[in-house]
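Asker: Kindly return the folded structure for what I paste below:
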Amino acid sequence: DLGVRLLHRTTRRLHPTPEGQRLAERGRVLVQDLDALADDLRESAHAVGGILRMTMSASFGRQYVSPLLPEFQARHPRVHISAHLSDDLVDLVKQGFDLAIHIGPLDDSGLVARRITDNRRTLAASPDYLQRHGTPRTPDDLAGHAGVLLMGRDGRQDVWQLQTPEGGLVRVRMQSRFESNFGELIRDAAVAGQGIALHSYWHIAEELRNGRLVEVLPDYPPPTSQINAVMPARQLQPPRVRAFVDFLQERLGEVPPWELGG
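Answerer: The predicted structure follows:
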């Protein structure tokens with residue numbers, strides 16, 4: 001007997017009390033830790049195996065993670081993969097995911113993060129746009145230029161933060177004729193000459209290589225963030241999770257494919 005009410009009963013259904021909700025959430029973590037321990041014991045004598053449930057950005061997952069999955073499963077044929085592509089925030093514990101691949105700052109202190117690689121970013125525009133409107137030489141020159149803006153979870157990202165050659169930071173508020181919550185549309189609009197966009201290198205590597213986009217203000221890059229594997233804070237991570245994160249660090253780590261020339 002815990003001495004507290006865990007459920008509210010109505011004529012039609014049962015509702016958890018706040019105490020009941022806390023018990024359910026802590027209990028779910030305990031069950032996952034027990035599962036991880038069982039996996040660890042089983043896999044200590046056998047190959048890494050089990051169902052690996054992951055979630056990641058649709059664009060990054062399709063471009064860079066999906067091509068690697070057959071190789072990982074060839075190394076670990078006992079692993080079954082369940083991959084979920086979404087740009088929405090998900091609750092890893094409630095939705096039963098082993099890990100997420102997260103790009104950018106981490107907000108949830110209840111997650112454990114392992115760095116995969118750096119996420120360098122740049123400003124970019126089409127040669128046609130720059131020919132028509134001029135090429136900025138300093139951040140002040142961005143005034144009057146059209147920005148192609150991302151609509152993120154925190155709203156319209158119209159204030160760009162740039163690093164100076166001296167190590168300082170400047171902030172520039174951009175005007176926009178085009179904005180979207182979807183990275184592909186931002187990239188396509190920049191390629192079509194709609195304005196200057198702020199992008200991760202991984203998202204526009206091919207366009208930079210083939211000249212459809214060129215870097216703008218390369219001496220004033222946006223601050224670098226990270227690409228991390230994030231996992232629920234457990235005492236034990238299943239061996240399949242550790243093996244997959246090690247694999248991603250091996251394949252995407254020091255020099256990721258989007259940083260390679262040619």
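
Asker: check contacts around residue 65.
Answerer: 56, 83, 101, 248 (C-beta atoms under 8 Å, 6 or more residues apart in numbering). Bear in mind the C-beta positions are built from the backbone N, C-alpha and C, glycine included.

Asker: and the third one, how many neighbours?
Answerer: Neighbour count of residue 101, defined by other C-beta atoms under 10 Å: 20.

Asker: For it, name its beta-bridge partners.
Answerer: Residues in a beta bridge with residue 101, per DSSP bridges, are residue 56, residue 229.

Asker: residues contacting it?
Answerer: Here residue 101 is in contact with 54-57, 60-61, 65, 116, 227-230, 248 (C-beta under 8 Å, 6+ apart).

Asker: Can I have the buried ones of those as a ChimeraX selection?
Answerer: Here is the ChimeraX command that selects only those of those that count as buried (16 or more other C-beta atoms under 10 Å):
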select :54,55,56,57,60,61,65,116,227,228,229,230,248
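
Asker: Looking at the contacts of residue 101, which is nearest residue 18?
Answerer: In terms of C-beta to C-beta, no member of the contacts of residue 101 lies closer to residue 18 than residue 230, at 26.4 Å.

Asker: Find me the pLDDT at that closest one, would you?
Answerer: Residue 230 is assigned 93 on the pLDDT scale.

Asker: Quick check: it vs residue 87, distance?
Answerer: 15 Å (C-beta to C-beta, to the nearest Å).

Asker: Who are the packing partners of the one helix or strand residue 186 maps to?
Answerer: Per DSSP states H and E: residue 186 is located in helix 183-191. Judged by 3 or more C-beta pairs under 8 Å, 6 or more residues apart in numbering; DSSP states H and E, helix 183-191 is in contact with strand 146-152, strand 175-180, strand 196-200, helix 201-210.

Asker: buried ones in it?
Answerer: Neighbour counts using 16+ other C-beta under 10 Å place 183, 186-191 of helix 183-191 among the buried residues.

Asker: For it, report the contacting residues that lie outside it.
Answerer: Among residues not part of helix 183-191, those counted as contacts by C-beta under 8 Å, 6+ apart are 59, 124-126, 129, 148-150, 178, 180, 195-197, 199, 203-204, 207, 212-213.

Asker: how about the buried residues of helix 183-191 in TSV, adding pLDDT and distance to residue 135?
Answerer: As requested, those are arranged in TSV below (pLDDT from 0 to 100; distance: C-beta to C-beta, whole Å):
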residue	pLDDT	distance to residue 135
183	90	24
186	96	20
187	96	19
188	97	21
189	97	18
190	98	14
191	98	17
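
Asker: Specify which member of the residues you listed is nearest to residue 133.
Answerer: Nearest to residue 133 out of the buried residues of helix 183-191 is residue 190 (C-beta to C-beta; 12.8 Å).

Asker: how close does that closest one sit to residue 125?
Answerer: Residue 190 is 6 Å from residue 125, by C-beta to C-beta.

Asker: For those two, list the residues in contact with both.
Answerer: By C-beta under 8 Å, 6+ apart, the residues touching both residue 190 and residue 125 are 196-197, 213.

Asker: Which of those ranks first by neighbour count?
Answerer: Result: residue 197 is most packed of the shared contacts of residue 190 and residue 125 (other C-beta under 10 Å), 28 neighbours.

Asker: Residue 205: what's it in contact with?
Answerer: Neighbour list for residue 205: 257-259 [criterion: C-beta under 8 Å, 6+ apart].

Asker: For residue 91, which of the helices and strands packed on helix 183-191 is the nearest?
Answerer: Across the helices and strands packed on helix 183-191, residue 91 has its closest neighbour in strand 146-152 (19.0 Å, C-beta to C-beta).

Asker: what separates the closest one from the chain centre, distance-wise?
Answerer: 18 Å (C-alpha atoms, centre = their mean, to the nearest Å).
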